[in-house]
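K.L.:
the amino acid sequence is not available; the structure is as follows:
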């Protein structure tokens, strides 16, 4: 079991700006025999621990494409070999969650001889991981508002965190209501998620990676493909409070008789921006409607879709603020993509030993 | 003013299966000096009346593309010329609604000399038109369930129709709550509407018209592009009641590293089916969430997106049934695309005359 007292986000310089920062665990003394993996429809997320030379150690966060599951398993196998060298007599465990824990169970067992593969429920891991980040890690949770001179504002953990909602945006979207430690219900979801954005963008543009697509959208102007209220009315529809700049129809400018022969006239960057707005706005709206139904004010957004991308976070924040008239708050996390894998990692329970440092189970995770 | 007593849907043979059936008005005796047009972001809908040789007359329903607004105005100008021949001394009026009533106001005035162009509020016309069809026209409203041997079941008008919701799916989507005659609020909407489906499909396929696209989707199998729960889990996710056949991520199968170079591998028909499901499911879900929030059980779907298309109606019906656990009902109309234009048509009030047949204003429209 993990000793998470004094845990914090590592502020060491990152080698790549898309890397997820390590979590420093200064009080972990026991050997850590587990690795965790959360295998989703598009991405496999790995969490593992390395002891430091002096005291304690670090949690590391890594991502693979599910299509390249073999690379991911190779990586885990290497970790297991290093771990075995440190503590040859301790049983090694892979805590596996996400759909791929079921789909690839036999493959994992076969490719990791001597390692126990434990399947953990995806939603339990998601909420356990989120709870860990909310309650144990300072400077983890933040709000985002591009109009603010400092768009990222770190959020202090409120005394009473329940109830809250988690909107996990992977290939698809799951929405959970959390009412207490390990008390949750999956209340909704939508099939319009990260997989939709990446899938449509890869059909419509030449982008070859997630980051290419996000980069591409930066210079885009969605007004070249989206139909705005002003395009239909000429002005605001003031009676209903619909501003002329509001998107009336995503991609509503594309299908026009005169232009049907000339698909090339639409820029990839404009298409990328429009799709990003469309998917993010829609998730924000469905999140709001569910929060409203369950009288929840705090909405955490997680999952690999967000990738710390400013436009995405701003769109989600704006949607929540717009629909709830400022009554609800969109919250983001620095380890957004690794909630489930971290939850699985923390679920590990080794056999009881007399000298076990065991602070974790008594906390509200 | 119109005498709508005894109004009914014409059962005369249609010349094209996409034509909207006339409404027979057997008791209309006065000359009808108005034509109505509802100009949306993509389509302009016209409603006009012709007297029959014997008694009464008929309402006709026609659609133009907004891009070809000149054709639409030409058509209206012809109607006005015929009308003037019948009653040279009566002031002719064009009741114009939709965003285009504002955007094209000057053009309409200029191209229709001698005709008064009256702007009518879009939402008022929508609810007035819907109310007319619900309360006055037998065999207009129906439910749809493809599993039923007779998928279309006509709906009897309940004694107390309020409150109800109207989800109008044009280029974008407007959601209105109606609590009484001419008492309504626009409670929500989404930019993922007809314009999104047509726009994305025209970028992704070679379809040249709405009907091409719907036809194309008939043979499609969305499972070739959508990521299902079973693709991620290998089985059902039974703990959450998610069947393996459920769509986890729309287009979630498209963006796979190994296949990125080969966009051609996805069939247009599969893409069309997936997009149709995606947009219809999403509208159904947002409609349900709004109905839930406002405690409404009856949801009417209108707008030109539906076009009497079985897959669309079935998807909307299924979404409402699924999310509400059978507590709510999706209702469709045979004149779905002409609610606003019909409302505008009925708004016409000629100057009071002693011999005026005037049954309409006393009804709940």
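P.N.:
Arrived safely, thanks for sending. All values derive from a computational prediction rather than experimental measurement.
K.L.:
roughly how far apart are the residue lying closest to residue A:188 once chain neighbours are set aside and residue A:294?
P.N.:
The shortest distance from residue A:188 to any non-neighbouring residue, by C-beta to C-beta, 6 or more residues apart in numbering or on different chains, is to residue A:175 (4.3 Å). The C-beta positions use only the backbone N, C-alpha and C, and glycine is treated the same way. Applying C-beta to C-beta, to the nearest Å, the value for residue A:175 to residue A:294 is 10 Å.
K.L.:
which neighbours do those two have in common?
P.N.:
Common neighbours of residue A:175 and residue A:294 are listed as A:165, A:187 (criterion: C-beta atoms under 8 Å, 6 or more residues apart in numbering or on different chains).
K.L.:
who's more crowded, the two?
P.N.:
Counted by other C-beta atoms under 10 Å in any protein chain shown, residue A:175 and residue A:294 do not tie: residue A:175 has more neighbours, with 23 against 15.
K.L.:
contact partners of the helix or strand harbouring that one?
P.N.:
If you go by DSSP states H and E, residue A:175 is part of strand A:173-180. With C-beta under 8 Å, 6+ apart as the test, strand A:173-180 has contacts from A:123, A:126-127, A:130-131, A:162-168, A:184-193, A:283, A:286-287, A:290, A:294, A:296, A:303.
K.L.:
pull out the buried residues from those.
P.N.:
Buried residues within the contacts of strand A:173-180, counting neighbours by 16 or more other C-beta atoms under 10 Å in any protein chain shown: A:123, A:126-127, A:130-131, A:163-168, A:184, A:186, A:188-193, A:283, A:286-287, A:290, A:296, A:303.
K.L.:
now, the residues you listed that are in strands?
P.N.:
Those of the buried ones among the contacts of strand A:173-180 mapping onto strands are A:164, A:165, A:166, A:167, A:168, A:184, A:186, A:188, A:189, A:190, per DSSP state E.
K.L.:
ok, what's across the strand from the last one?
P.N.:
Listed beta-bridge partners, residue A:190: residue A:173 (assigned using DSSP bridges).
K.L.:
ok now do it, which residues does it touch?
P.N.:
Applying C-beta under 8 Å, 6+ apart to residue A:190 gives the contacts A:172, A:173, A:282, A:283, A:286, B:282, B:285.
K.L.:
got those as TSV, with pLDDT and distance to residue B:338 columns?
P.N.:
As requested, the contacts of residue A:190 are arranged in TSV below (pLDDT from 0 to 100; distance: C-beta to C-beta, whole Å):
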residue	pLDDT	distance to residue B:338
A:172	96	36
A:173	97	36
A:282	98	28
A:283	98	33
A:286	98	30
B:282	98	24
B:285	98	26
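K.L.:
got a winner among those residues for most neighbours?
P.N.:
Busiest of the contacts of residue A:190 [other C-beta under 10 Å] is residue A:172, holding 30 neighbours.
K.L.:
residues in contact with that residue?
P.N.:
A:41, A:189-195, B:227, B:247-249, B:252.
K.L.:
kindly report the same for residue A:303.
P.N.:
Applying C-beta under 8 Å, 6+ apart to residue A:303 gives the contacts A:167, A:168, A:169, A:170, A:173, A:193, A:194, A:336, A:337, A:339.
K.L.:
buried residues, the least confident helix or strand in chain A by mean pLDDT. List them.
P.N.:
Lowest on mean pLDDT, DSSP states H and E among the helices and strands of chain A sits helix A:210-218, with a mean of 87. Residues A:210, A:212, A:213, A:214, A:216, A:217 are the ones in helix A:210-218 that count as buried (16+ other C-beta under 10 Å).
K.L.:
correct me if wrong: the last one contacts residue A:278.
P.N.:
It refers to residue A:217. No: with contact defined as C-beta atoms under 8 Å, residue A:217 does not count as touching residue A:278 (11.4 Å).
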